[in-house]
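A.B. asks: Structure for the following, please:
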Amino acid sequence: MEEIIRTEYSEIMQKSYIDYAMSVIVARALPDVRDGLKPVQRRTLYDMMELGTLYDRPYRKSARIVGDTMGKYHPHGDSSIYDALVVMAQDFKKGQVLVDGHGNFGSIEGDGAAAMRYTEARLMKITQEVYLKDLDKDVVRFVPNFDETEKEPEVLPVRIPNLLVNGSEGIAVGMATSIPPHNLGEVAEAAMAYIRDNTLTTKDLMAYIKGPDFPTGGIVVNGSDLEEIYETGVGKIRVRGRTVVEKGKNGRQYLVITEIPYPMIGANIGKFLCDVADLVEKRQAPEIADISNQSSKEGIRIVLELRKGADTEKLKNLLYRKTHLEDTFGVNMLAVAGGRPETLGLKAVLEQFTEFQFELNTRKYNNLLAKELEKKEIQEGLIRAVDVIDLIIEILRGSKNQQMARDCMTMGITEGIRFRHKSSEKKARELCFTQRQAQAILDMRLAKLIGLELEALYHENEETVKKIARYEDILNSYESMAGVILEDLEKIRKEYSRPRRTEITDADTAAPVEEEEQETELVFLLDRFGYARTIDPGIYERNREAADSESRFRFRCMSTDKICIFTDKGTMHTIRVKEVPYCRLRDKGTPIDNLCNYTAENERVIFTCAMTELQDKKLLFVSAEGMVKIVDGSEFCVTKRTIAATKLGGADDALVLTAFSDQGDFLVLQSGDGFFLRFALSEIPEKKKGAVGVRGIKLNSGASVEGAWVIAGGTEFSISWNDRRLSLNRLKLAKRDGKGSRVR
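C.D. replies: Predicted structure coming up:
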């Protein structure tokens, strides 16, 4: 009979979510503080050892390793396993590479690895000797795999603080870990110092561990913050790339980036190149003449070709502020300790490591001691057997089966055994070998009775006794156990340590304030397709005819100025001149709508000028509904990117003309039905930019102003009208607010 159990829905959701979160945290995303590995990494390395892909054996296909790991230990998809395998083989991501990859395993610039069917892998020597050694000595607990058909180690018996050496990055549910890699030699020395004296403080330990040691090198510039970061396990590390200045031909200089910040690896290298190109386009880095990425398998080499007289220090400071050449590595030393996630400082990590090493060695030497005691028992039995070998032979010859002989040697039972002499039977009753000794005697070959073999047996027994004494001393003495661990760490340090790559400095100050930009003259060009650019005035003068024919608007401006763009919607957009790309004459430039809030689909540019020109001039506005006004230019010298330049009439009203009022003496307005009106500009009153203005021409119903021109007196100004030339200067001079004359 079914029973319905009523429970609170929120309680079920809470329990389910917590179970899921803990599963992700402990079983997938976070490393264990003991071996510094995530489950997928641990299982992959263990499976590689089980498959026999050792450092001195041939490579195996990555697909075989991934498939075997997934089938036996990690049922979470092949991509996650292969990604973990690839990362463990990339020397630019790990402080200590654990997998020897053969084939395309990706690049520092973000190129992905080849498919697993193409690549091969095997263990590195350090992985085999330091991470997987002694698994056969029962040093760690083995647990059932996901379907309980195999056994896998709970942790690997790693003999170095791998959590610090290789670092870790992972995102769990509600938490994330980010631990930087460190120098193996320094970490080993710090661990040795802590084992000798566990009262050392974080500051004391930092005498050995200077700071992170990123595989990409670089320079940590906030060294004074590291003590607090290592104390709390949380903080931010600022890393800069390393640059050198090289001399080229003709006095040229090259700023060469030879090391990059660790967070820049991958797609951020490409972004850095784009950011530098953007700085050049915006004339924020005019010192750069060219940029090229000459990086290869040998290392990073990004070359910035500089112009003559370039200030390299100023340029470096600019790159530090504006690009990823200086980046931040967020530290959150979160790991699984005691079955739960915990944020650990440097000392806490070494404390956990030390406890783990003592646990490993206790299990190891208990196992070795048990084996040596068993060996000693057998050796002593064989030695005793040699002394009574004639009696043993008589027992064996007189016994009907092995069990009868074994009972006689272990318990002195002689019933059923035929002895040649009564004295032999009496001696046999006194035998008391152990079961293990009796079996060893039964298995003994006659060759063991040769004199040299007997000597070897005695010598072997002496060695066994010495080992037992040593193992018992290690197990019973903290100093002896610590000595074994220290000796092991020292050997690892000597064999596998390498020089530090990352420099630690204390330059935790803001980069120098950017110097005021030098004011230079430029020519602004905006073509009929809406592409904007600035060019050198000298180049413009030499190619003036071609530049004028291709451009709708062009004028001179200063590099520190702003460009004002007036549209038919009555708005004004502003752009800093340095935001407009500085180009060669034939370069296309950048669409104007990419530089400001102007939208080409809904607006049309009708006038452009430099903001400095507006300070001493007045602007004329003419709308489609025939309204005109003059506005003081100073009203448009604002800091906002977009403002309303004028007030329009109805929804269909639009600006037809915006121009400087001092460009002529007369204004000519043309309506859509062919009426032209010419009147003096002096008749137009000055208004505020928020005013609609006054009527310039009387329009017939349904008509609107379609053309407006400012003309100077005494000069010829003509337009094409109805397939003929119409001279606007010869139009009858009238008054403002008239209907004008119809021209057919």
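A.B. asks: Pick out the least confidently modelled helix or strand of the chain, by mean pLDDT.
C.D. replies: Considering only helices and strands, the least confidently modelled element of the chain by mean pLDDT, DSSP states H and E is helix 9-24, at a mean of 65.
A.B. asks: what number of residues lie near Leu350?
C.D. replies: Burial of Leu350 is recorded as 26 neighbouring residues (other Cβ atoms under 10 Å). (Glycine included, C-beta is placed from N, CA and C.)
A.B. asks: just checking, it touches Met192?
C.D. replies: No. Under the criterion of Cβ atoms under 8 Å, Leu350 lies out of contact with Met192, with a separation of 10.0 Å.
A.B. asks: Quick one: end-to-end length of stretch 671-681, please.
C.D. replies: One end of stretch 671-681 sits 18 Å from the other (Cα to Cα, to the nearest Å).
A.B. asks: Buried residues of it, list them for me.
C.D. replies: Of the residues in stretch 671-681, those with enough neighbours to count as buried (16 or more other Cβ atoms under 10 Å) are 671, 675-679, 681.
A.B. asks: Against Met206, how distant is Leu226?
C.D. replies: To Met206, Leu226 is 7 Å away according to Cβ to Cβ, to the nearest Å.
A.B. asks: swap that for Val139, sorry
C.D. replies: The span separating Val139 from Met206 equals 31 Å under the rule Cβ to Cβ.
A.B. asks: now do Tyr320
C.D. replies: In terms of Cβ to Cβ, Tyr320 sits 26 Å off from Met206.
A.B. asks: how close does the nearest residue to Ser224 once chain neighbours are set aside sit to Glu326?
C.D. replies: Counting by Cβ to Cβ, 6 or more residues apart in numbering, Ser224 lies nearest to Asp506, which is 4.9 Å off, once chain neighbours are set aside. Using Cβ to Cβ, Asp506 is found at 15 Å from Glu326.
A.B. asks: Give me the more crowded residue out of these two.
C.D. replies: The neighbour count for Asp506 versus Glu326, taken as other Cβ under 10 Å, is higher for Glu326 (21 against 12).
A.B. asks: Which pLDDT value goes with that one?
C.D. replies: Turning to Glu326, the model gives it a pLDDT of 92.
A.B. asks: residues near the nearest residue in space to it that is not next to it in sequence, how many?
C.D. replies: Of all residues not flanking Glu326 in the chain, Tyr320 sits nearest, at 4.0 Å (Cβ to Cβ, 6+ apart). Using other Cβ under 10 Å as the criterion, Tyr320 is surrounded by 20 other residues.
A.B. asks: how close does Tyr320 sit to Ile288?
C.D. replies: From Tyr320 over to Ile288 (counting by Cβ to Cβ), the distance is 15 Å.
A.B. asks: contacting residues for Met520?
C.D. replies: Quick fix: residue 520 reads Thr, not Met. 558-559 (Cβ atoms under 8 Å, 6 or more residues apart in numbering).
A.B. asks: Could you give the backbone dihedrals for it?
C.D. replies: Note on Thr520: its backbone torsions stand at phi -130, psi 150 [degrees, to the nearest 10].
A.B. asks: From Gly538, how far out is it?
C.D. replies: Relative to Gly538, Thr520 is positioned 12 Å away (criterion: Cβ to Cβ).
A.B. asks: Same question for Asn700.
C.D. replies: Asn700 is 51 Å from Gly538, where distance means Cβ to Cβ.
A.B. asks: swap in Arg501?
C.D. replies: When Arg501 is compared with Gly538 (using Cβ to Cβ), they lie 48 Å apart.
A.B. asks: quick one: which of the two has more around it?
C.D. replies: Neighbour tally, Arg501 and Gly538, criterion other Cβ under 10 Å: the higher count belongs to Arg501, 17 against 10.
A.B. asks: neighbours around the residue nearest to Ile474 when sequence neighbours are not counted, how many?
C.D. replies: With Cβ to Cβ, 6+ apart as the criterion, Ile474 has its nearest non-adjacent residue at 4.6 Å, and that residue is Ser480. Neighbouring residues of Ser480 were enumerated by other Cβ under 10 Å; the total is 15.
A.B. asks: what helix or strand does Ser480 sit in?
C.D. replies: With secondary structure defined by DSSP states H and E, Ser480 is part of helix 478-496.
A.B. asks: which secondary structure elements does that helix contact?
C.D. replies: When contacts are defined as 3 or more Cβ pairs under 8 Å, 6 or more residues apart in numbering; DSSP states H and E, helix 478-496 packs onto helix 184-196, helix 346-387, helix 451-476.
A.B. asks: Measure how buried the closest residue in space to Asn366 that isn't next to it in sequence is and give me the count.
C.D. replies: Residue nearest to Asn366 in three dimensions, not counting chain neighbours: Leu475, with 6.6 Å by Cβ to Cβ, 6+ apart. Neighbouring residues of Leu475 were enumerated by other Cβ under 10 Å; the total is 16.
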